[in-house]
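Chemist: Got a predicted structure here, sequence first:
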Amino acid sequence: EVQLVESGGGLVQAGGSLRLSCAASGFTFDDYAIGWFRQAPGKEREGVSCIYSSDGSTYYADSVKGRFTISSDNAKNTVYLHINSLKPEDTAVYYCAADVYCSARSAEYWGQGTQVTVSS
């Protein structure tokens, strides 16, 4: 059974940092790309970053470049999203997802999400 379990969300003040984790199981980690998406209330889901576990290639949405860093620990089957200089507009539920290719729109497998709330 494929499982993606996010953790690390919470309430943080603007300007602060967070590290989100996505622990994956049930599939061959190196064969998949792991992406992070977010969905704010009343807004469409947005793909923010993605990493290919096989070679470490990374992708970022323009809206988060320079503040978000995605990384992978293949020994732990875990992908991290480091978020710096948090802004109130970063408030959203953050989901990790897995698919063969990175996509800003969809993925085959999804986690349950972790809430990030940024106070001003």
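Modeler: It's in. Numbering: from 1, shown residues only.

Chemist: and Thr117, how many residues sit next to it?
Modeler: 14 (other Cβ atoms under 10 Å). Backbone N, C-alpha and C define where each C-beta goes, glycine included.

Chemist: Oops, could you answer that again for Lys76 instead?
Modeler: Other residues close to Lys76 by other Cβ under 10 Å number 12.

Chemist: Report pLDDT for Val116.
Modeler: pLDDT, Val116: 98.

Chemist: Give me the nearest residue to it, chain neighbours excluded.
Modeler: What sits nearest to Val116 in space, not counting adjacent residues and going by Cβ to Cβ, 6 or more residues apart in numbering, is Gly9, at 4.7 Å.

Chemist: quick one, what contacts the one you found?
Modeler: By Cβ atoms under 8 Å, 6 or more residues apart in numbering, the contact list for Gly9 reads 18, 20, 94, 114-117.

Chemist: For the spatially most central residue of the chain, give its distance to Arg19.
Modeler: Geometric centre of the chain, nearest residue: Trp36, 2.6 Å, by Cα atoms, centre = their mean. Counting by Cβ to Cβ, to the nearest Å, the gap from Trp36 to Arg19 is 12 Å.

Chemist: any shared contact partners between those two?
Modeler: By Cβ under 8 Å, 6+ apart, the residues touching both Trp36 and Arg19 are Leu81.

Chemist: any idea what sits nearest Ser119, other than its immediate chain neighbours?
Modeler: Computed as Cβ to Cβ, 6+ apart, the closest residue to Ser119 that is not its neighbour in sequence is Gln13, at 5.4 Å.
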